[in-house]
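>>> Using only what follows, build the 3D model:
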Amino acid sequence: MATVGNDRAAIGAYVHARLADATGETEIANRSYAELIDQRPDDVVLASRAYRQAMTTGDITLALRAAAPLDRAGVLPADGRLLLFVSALRVKDWPAAERITDRIASDGNFDFLVPMLRAWVAFGAKRGDPVAMLDAAPASALGGAYRPAQRILLQLALGRYDDAQLEARALAATGTAHAGELRLSAAATLAAQGRKDTALSLLDGDAPALVRARTMVAAGKAPVPPVIDARGGTAWLFARLAADIGARAPSPGAIAIGWLALALAPDDDATLLLVGRMLAAGDDDEWPGVDDAAALMLVERANPDGPFAAAREQIRVGLLMQADDKAAALNEALTLAGRPEATLADFARLGDIYTRLGRHGEAADAYGRAVALAGADSRASALMWSLYLLYGGALDRAGDWKRALPMLEKAVALAPQEAHALNYLGYSKLEKKQDIANATALVKRAAALKPDDPAIADSLGYAYYLGGDFPRAIQALERAVAGQPTDPTINEHLGDAYWKAGRRFEARYAWRAAMATADGDDHARLADKLERGLDLVQARR
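Just a heads-up that it's a prediction; the model follows:
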């Protein structure tokens, strides 16, 4: 706090900003930080906190104000130079953009972007041949993931249609990351330049996104923002970079770059959905200003009738569930599944929501509809095993084992190397004490495929337990507990195995661990075991 100073107004504003941070009041927090920066323009600690808050919540104005003292002190983060580049691009200050690109090159963190940034600056400044400049720049492994698409977009923006179209088709055929999005952007750019027929030819195919895009182009609407200037080209680059950085797990850095893309192309549906999804998955405790409401607002800005409509619906319903607005999520999912053109994704989504609500019979009906639609669509063949697994699992949880069993067996027949399908069928049989030998063989196959999966290790241990091999059961169940130490079922199974092996103290310890997270009938059963021991409980049952 000493860095903020001792005057009462600054202290009050700082406390106000931190409190607003903690309670998710982003607008108040950002306003308070802006006031503080005005009062303490050289406070680096304050500027650093304000900068990260702004870059996580997409407040570009605050981010630029906070970046100034950080830059003066020589501690501007690497993405801060990208922020300055975006700021220069927005006002078409090409000399400033060139200077900032030099700084990005010398920094080393994002130097692989530099050839593409230089090319777009040259395009904006109308200086030289941007494509030739890009081709002449040294190649890099990281930059190689983005340069082919950027080259195509530059050619289109320059009006070099024939080469660009051929390269776009070739790149799309490779199926590499973002190739589908490139087709949409290339088509939108061609249509914006009056080449509607060529644009439509790039959108051939029966995938729903392509069908929607063709309809929009034919009607004179852009399916995605066309890339006709340096802003659009850089936005496209930053959006794909953000997606790649956040592919495994969203991070503040990925979100920051996503916001920079939106600062350049605020109506890009793919980026709106990307940033919304990352915000929804963010850690509220570690990332200031991240909340489901902000994520939902972004997602709802995306075009509900555009090429990314299916993703928009999926993310939106998931956010409603995440915000615990189950009624709204269910109503939305029912509306989508009730349309004449409802897809298997709509019914699978409805099944997922019913499952989370514990309404397993209705979930089974929804999954059954998804299975029927998938069976009539050759493109969905790769999904069939997972849909049968969902369908069979819902029937099983709804108490209809007779109908569930053939569905689960179909899942395994279609995907004999899918560990989760093998495990679900095997464990379900073990629970029902049905065909123990076959069930054990199934979970052994699953364990061979995924030896480190705690749920599968639990199934294997339970199979050994039912077969009377208590030492091997304990070995597998201890491994399962190490992977999921709070799971009540695994702890109970381990306690049962300990008891049968004569290790009574350890059995009661495991049952107590299970009780800590069990509820309802499970909690009562565990309490009975602790009081009477496993043998008396089993005898009474």
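>>> tell me which element residue 249 is part of?
In this structure, residue 249 sits in neither a helix nor a strand according to DSSP states H and E.
>>> Now do the contacts for it.
Taking C-beta atoms under 8 Å, 6 or more residues apart in numbering, we find residue 249 in contact with residue 281. Glycine gets a C-beta too; all of them are placed from N, C-alpha and C.
>>> how about the helices in the stretch 201-350 of the chain?
Applying DSSP state H, counting those that start in this stretch to the stretch 201-350 of the chain gives helices spanning 208-218, 230-245, 252-264, 269-281, 292-301, 309-322, 326-337, 344-356.
>>> Domains in the protein, by residue range?
Domain ranges of the chain: 1-76, 230-301, 325-415, 419-541, per automatic domain parsing.
>>> picking that back up, export the helices of the stretch 201-350 of the chain to CSV and tack on mean pLDDT, distance to residue 441 and mean neighbour count?
Shown next, in CSV, are those (pLDDT from 0 to 100; distance: least, C-beta to C-beta, whole Å; neighbours: other C-beta atoms under 10 Å):
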stretch, mean pLDDT, distance to residue 441, mean neighbour count
helix 208-218, 93, 41, 19
helix 230-245, 96, 41, 24
helix 252-264, 95, 43, 24
helix 269-281, 92, 38, 24
helix 292-301, 88, 44, 19
helix 309-322, 88, 37, 20
helix 326-337, 91, 38, 17
helix 344-356, 93, 28, 22
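>>> Of all those, which one comes closest to residue 404?
Nearest to residue 404 among the helices of the stretch 201-350 of the chain is helix 344-356 (13.7 Å), distances taken as C-beta to C-beta.
>>> Need the residues that contact the closest one.
The contact list for helix 344-356, computed with C-beta under 8 Å, 6+ apart, reads 310, 313-314, 317, 321, 326, 329-330, 333-334, 336-337, 339, 360, 362-364, 366-367, 369-370, 373-374, 377, 380, 383, 387, 390, 394, 397.
>>> Tell me the first helix or strand C-terminal of that helix.
Counting by DSSP H and E, the element after helix 344-356 in chain order, helix or strand, is helix 360-375.
>>> Neighbours of residue 402, how many?
Taking other C-beta atoms under 10 Å as the criterion, the count of residues near residue 402 is 8.
>>> same for the helix or strand harbouring it, what does it pack against?
Using DSSP H and E, residue 402 maps to helix 401-414. Here helix 401-414 touches helix 384-397, helix 419-431, going by 3 or more C-beta pairs under 8 Å, 6 or more residues apart in numbering; DSSP states H and E.
>>> returning to what we had before: adding distance to residue 139 as columns, could you present the helices of the stretch 201-350 of the chain in a markdown table?
Compiled in a markdown table, the helices of the stretch 201-350 of the chain are given as follows (distance: least, C-beta to C-beta, whole Å):
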| stretch | distance to residue 139 |
| --- | --- |
| helix 208-218 | 31 |
| helix 230-245 | 16 |
| helix 252-264 | 22 |
| helix 269-281 | 26 |
| helix 292-301 | 35 |
| helix 309-322 | 33 |
| helix 326-337 | 45 |
| helix 344-356 | 39 |
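>>> Identify whichever of those lies nearest to residue 427.
When the helices of the stretch 201-350 of the chain are compared by C-beta to C-beta, helix 344-356 sits nearest residue 427, at 17.3 Å.
>>> centre of the chain versus that closest one, how much separation?
Averaging C-alpha positions (C-alpha atoms, centre = their mean, to the nearest Å) puts helix 344-356 18 Å from its chain's average.
>>> how much does it deviate in direction from helix 384-397?
Going by axes from the mean of the first three to the mean of the last three C-alpha atoms, to 10 degrees, helix 344-356 is angled at 30 degrees with respect to helix 384-397.
>>> Next up, the contacts around residue 182.
Here residue 182 is in contact with 149, 152, 153, 168, 171, 172 (C-beta under 8 Å, 6+ apart).
>>> Can you tell me which of those residues end up in helices?
The helices, defined by DSSP state H, take in 149, 152, 153, 168, 171, 172 from the contacts of residue 182.
>>> Including neighbour count, pLDDT and distance to residue 511, could those residues go into TSV?
Output for these, formatted as TSV (neighbours: other C-beta atoms under 10 Å; pLDDT from 0 to 100; distance: C-beta to C-beta, whole Å):
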residue	neighbour count	pLDDT	distance to residue 511
149	26	92	57
152	27	92	63
153	27	94	62
168	25	77	62
171	19	75	59
172	18	72	58
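>>> Low-confidence regions, the stretch 51-200 of the chain specifically.
For the stretch 51-200 of the chain, applying pLDDT under 70 flags the ranges 173-175.
>>> give me the number of residues near residue 517?
By the criterion of other C-beta under 10 Å, residue 517 has 14 neighbours.
>>> and if you look at residue 102?
Other residues lying near residue 102 total 12 when counted by other C-beta under 10 Å.
>>> I'd like the next helix or strand past the strand or helix carrying it.
Using DSSP H and E, residue 102 sits in helix 94-107. Sequence order places helix 114-125 as the next helix or strand after helix 94-107, per DSSP H and E.
>>> tell me what that following helix is packed against?
Short answer (3+ C-beta pairs under 8 Å, 6+ apart): helix 114-125 packs on helix 78-90, helix 94-107, helix 130-136, helix 147-158, helix 230-245.
>>> in it, what counts as buried?
For helix 114-125, the neighbour count (16 or more other C-beta atoms under 10 Å) marks 114, 115, 116, 117, 118, 119, 120, 121, 122, 123, 124 as buried.
>>> who are the neighbours in contact with the nearest residue to the third one once chain neighbours are set aside?
Leaving out its chain neighbours, the residue that sits closest to residue 116 by C-beta to C-beta, 6 or more residues apart in numbering is residue 150, at 4.7 Å. Contacts here follow C-beta under 8 Å, 6+ apart; on that basis residue 150 touches 116, 119, 134, 233, 236, 237.
>>> go with 7 Å
116, 134, 233, 237 (C-beta atoms under 7 Å, 6 or more residues apart in numbering).
>>> Ok, residue 361 next?
Contacts for residue 361 (C-beta under 7 Å, 6+ apart) come out as residue 398.
>>> Quick check, pLDDT for it.
According to the prediction, residue 361 has pLDDT 96.
>>> I'd like the distance between it and residue 493.
28 Å (C-beta to C-beta, to the nearest Å).
>>> same deal with residue 213?
Here residue 213 is placed at a distance of 51 Å from residue 493 (C-beta to C-beta).
>>> How about residue 158?
Distance, residue 158 to residue 493, using C-beta to C-beta: 66 Å.
>>> between those two, which one's more packed in?
Using other C-beta under 10 Å, the more surrounded residue of residue 158 and residue 493 is residue 493, with 24 against 13.
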